[in-house]
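Chemist: Predicted model, plus sequence, below.
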Amino acid sequence: QKDYRLWLQYDKITNLQVTQEYKMGIKGIVSLGNSETSTISLRELESGLTNMLGNKIEIKSKIEGENNLIIGSQSSLSSDIQKNILSDFKRINNEGFIIKSISLKNKKQIVITGKNDVGVLYGVYNFLRLLQTNKSISNLNVIDSPKINLRVLNHWDNLDRTVERGYAGFSLWNWQKLPDFIDQRYIDYARANASVGINGTVLTNVNANALILTPQYLEKVEALANVFRPYGIKVYLTARFSAPIEIGGLKTADPKDAAVANWWKEKAKEIYKRIPDFGGFLVKANSEGQPGPQNYGRDHVDGANMLADAVAPFGGVIMWRAFVYSEHDANDRAKQAYAEFQPYDGKFKANVIVQVKNGAIDFQPREPFHPLFGAMPKTPIMMEFQVTQEYLGFSTHLVYLPKLFQEVLESDTYQKGKGSTVAKVVDGSLTNTKLTGIAGVSNIGNDLNWTGHPFAQANWYGFGRLAWNPYLDAEVIADEWLRCTFSNNKNFINPIKNMMIKSREAVINYMTPLGLHHIMDTGHHYGPGPWVSDLSRPEWNPTYYHKADKNGIGFDRSKTGTNATAQYATQVEKIFDNLETCPEQDLLWFHHVSWDYKLKNGQTLWSGMALKYQEGVNQVQEMQNSWNKAEKYIDAERFKEVQMLLQIQYKEAKWWRDACLLYFQQYSGKELPVGVEKPTETLEYFKSLKFPFAPGN
Ligand code: BDP
């Protein structure tokens, strides 16, 4: 099945000239290492090359003749090879790699190396990608290292195998059959991750279950860690803060209680005995009902530092989430994480990294960057992106997320003057931070194609590529992914790449244009629900976010409103505060404006908004047109799947448009402008739709 193979298709290369070059350039493989990781490198090369070139490549025990691929870590290379690349080793870090054409005793060879075997493995995947994308290999000089240390997936997987916000089936982790049964999928999962440089996986949901920390489960975790280790992937777990009570028999989980701290120390010792390279814990505390230090009158620093002490002797880290919003302060949810965490700057232990979502609310189709980025210069801060599409049409809608990721990473925080981008905060370069990280909430499940939508594979791939290098361009990543996954034919690539690039703006247009946010239906977040206003916590209601009334629409977060803009550096604050300079794409995020407010293109807000909704629908139609023309370039199965999914997306884009416009029209009291299709259903109809079994809830 093609879509199981993700971007590692290794199809036979159809371009004869290209094949010719590769066959001439690769006569044999010499592998110098003997670790499990080196064996993986060799096998990957062997099978990749055999499939792409259509004939077997000789595996040689020593370097004979020319045009060999020599693979091995620095220490395994003979001194005459090392001489050729000595200075390049200074330019890579521990996980980096070098792919280089060298001349050895007057014979041309290609060396793939790194400081250790995992670096070599990354180099091998990179080399294979050069072939998959039909690049020349005649004069290679690729020197690359990851710019971020912790590149992790966060699986929101429960022990019963349901996945919170998962739309691709059940959890990959078959706890019942572990540790004795090793599903081939675990290996293929590790391969896919290693091929893009992901080096960590948090196996369990942030809404944690303490049972994962019992010996019965740790034995299973150990089995997974053993599978992932040779691929350079560390395992992490979520730590339920109340675990000392639930599975430890203690009366309290107070972080200042000596017995509690000791319980965690012993637990860490027990885990590291099984898994010496265990990554550490991810913690959601005092957020959405999860237990935490505040239950005992302590704060996030107390909680995080207590856990940090437990894992520090073993080199572990604590990823402490800043996704908090108070149950008692309904003023402006967007301000709460910053208000709570910023004062803690510099107070966490060295092995704590604070994990911050990309925006201040919650993974919306578009959010301005989170004000905490750059605002805690003495604290390691890591990025949390959501790869699963909780608020972006689940795994039914084609939305290419690297566009979203890139927009956030490129945002300028101005925290150290112009050019202080979020990417520089995340890779540590802005504040010279050594511990750096990026997390992606996984969109992976046990569906045959891993991610539900064939194009959602691109979001996994793209997350990994940006985790490796947050300065990469989303368009370049799309190009790579399409070539590796489908075809190198430019008649296919160009229109389909264009479709991917536009898809993110399309979903914003048909769901939440002009800075609208969180108007999805209750709980499951499937489909529109701007009318919902009866939930127990005010900030769970869409009406709280759009604040539509007869006078206008939008959340005033400027100084005339909640003053959330003041949490940004002054330059940014000014831009957002002022209606003249506030980007229109964030207008209703920061301002409440009248229905007659004049947009930059001269349209009134009402007309402009209605036309945006229509534009979103039109864009999906264009996506369908592009896709229909792709039929002759790819396999029938994936073609058909995507075609059907786009049809659903089109239907649902219209649903979004009609439901939102009918609802907002009650307040604007205005006709739909020319160019916007008339709804065929009533508002009552849309309100009556219920989805008690929507997935992933
Ligand atoms: C929200 C999800 C919820 C998660 C929460 C979190 O709706 O399921 O538990 O974020 O990140 O996006 O903790």
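Modeler: Arrived safely, thanks for sending.

Chemist: going forward, measure contacts and count neighbours with C-alpha atoms only.
Modeler: Will do.

Chemist: Hmm, L104 is touching I81, no?
Modeler: Yes: counting by CA atoms under 8 Å, L104 does reach I81; the two are 7.1 Å apart.

Chemist: Any idea which residue of the stretch 401-550 of the chain lies closest to the ligand?
Modeler: G523 (7.4 Å; CA to the nearest ligand atom).

Chemist: List the contacts of that residue.
Modeler: By CA atoms under 8 Å, 6 or more residues apart in numbering, the contact list for G523 reads N697.

Chemist: For the protein, what lies in contact range of the ligand?
Modeler: Contact residues, the chain versus the ligand (CA under 6 Å from any ligand atom): 164, 207, 362.

Chemist: Would you mind giving these as TSV with secondary structure, pLDDT and neighbour count added?
Modeler: Putting the residues of the chain next to the ligand into TSV (DSSP: H, G, I helix; E, B strand; the rest coil; pLDDT from 0 to 100; neighbours: other CA atoms under 10 Å) gives the following:
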residue	secondary structure	pLDDT	neighbour count
E164	coil	98	20
N207	coil	98	21
D362	coil	96	19
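
Chemist: Turn those residues into JSON lines, columns for distance to G452.
Modeler: Formatted as JSON lines, these follow (distance: CA to CA, whole Å):
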{"residue": "E164", "distance to G452": "15"}
{"residue": "N207", "distance to G452": "23"}
{"residue": "D362", "distance to G452": "22"}
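
Chemist: Closest to T485 out of these?
Modeler: For the residues of the chain next to the ligand, the closest approach to T485 (CA to CA) belongs to E164, at 27.5 Å.

Chemist: Name the residue in L104 and I81 with the higher neighbour count.
Modeler: I81 (18 against 14; other CA atoms under 10 Å).

Chemist: who touches the helix or strand that contains the more buried one?
Modeler: I81 is part of helix 79-89, with elements assigned from DSSP states H and E. The contact list for helix 79-89, computed with CA under 8 Å, 6+ apart, reads 74, 98, 102, 104, 114-115, 143.

Chemist: For the stretch 101-250 of the chain, just list every one of the strands.
Modeler: With DSSP state E, counting those that start in this stretch applied, the stretch 101-250 of the chain shows strands at 107-114, 141-144, 150-154, 200-202, 234-238, listed in chain order.

Chemist: Burial-wise, tell me which of those comes out on top.
Modeler: strand 150-154 (a mean of 27; mean count of other CA atoms under 10 Å).

Chemist: That one pairs with which strands, parallel or anti?
Modeler: Partners of strand 150-154 in the sheet, by DSSP bridges, are strand 200-202 (parallel), strand 437-441 (parallel).

Chemist: Kindly present those strands as JSON lines, with separate columns for distance to Q643 and mean pLDDT.
Modeler: Output for the strands paired with strand 150-154, formatted as JSON lines (distance: least, CA to CA, whole Å; pLDDT from 0 to 100):
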{"stretch": "strand 200-202", "distance to Q643": "32", "mean pLDDT": "99"}
{"stretch": "strand 437-441", "distance to Q643": "26", "mean pLDDT": "99"}
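
Chemist: possible to save those as TSV with distance to A659?
Modeler: Putting the strands paired with strand 150-154 into TSV (distance: least, CA to CA, whole Å) gives the following:
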stretch	distance to A659
strand 200-202	38
strand 437-441	29
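
Chemist: Closest residue of the chain to the ligand?
Modeler: D362 (5.4 Å).

Chemist: Give me the helices and strands touching the host helix or strand of M609, please.
Modeler: Using DSSP H and E, M609 falls within helix 605-628. Applying 3 or more CA pairs under 8 Å, 6 or more residues apart in numbering; DSSP states H and E, one finds that helix 605-628 contacts helix 490-511, helix 636-668.

Chemist: Need those helices in TSV (columns: mean neighbour count and mean pLDDT).
Modeler: As requested, the helices and strands packed on helix 605-628 are exported to TSV (neighbours: other CA atoms under 10 Å; pLDDT from 0 to 100):
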stretch	mean neighbour count	mean pLDDT
helix 490-511	22	98
helix 636-668	19	98
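
Chemist: can I get those in TSV with distance to F463?
Modeler: As requested, the helices and strands packed on helix 605-628 are arranged in TSV below (distance: least, CA to CA, whole Å):
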stretch	distance to F463
helix 490-511	15
helix 636-668	21
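
Chemist: Out of these, which is closest to I575?
Modeler: The closest of the helices and strands packed on helix 605-628 to I575 is helix 490-511. By CA to CA, the value is 21.6 Å.

Chemist: hang on, M382 in a strand?
Modeler: Yes: under the criterion used here (DSSP: H, G, I helix; E, B strand; the rest coil), M382 sits inside a strand.

Chemist: partners of it in the sheet?
Modeler: Counting by DSSP bridges, M382 forms beta bridges with Q355.

Chemist: What is the neighbour count of it?
Modeler: So M382, with other CA under 10 Å, has 28 neighbours.

Chemist: so it touches T436, yeah?
Modeler: Yes: the pair M382 / T436 is scored as a contact, 6.2 Å apart, by CA under 8 Å.

Chemist: Give me the common contacts of these two.
Modeler: Joint contacts of M382 and T436 (CA under 8 Å, 6+ apart) are 353, 426.
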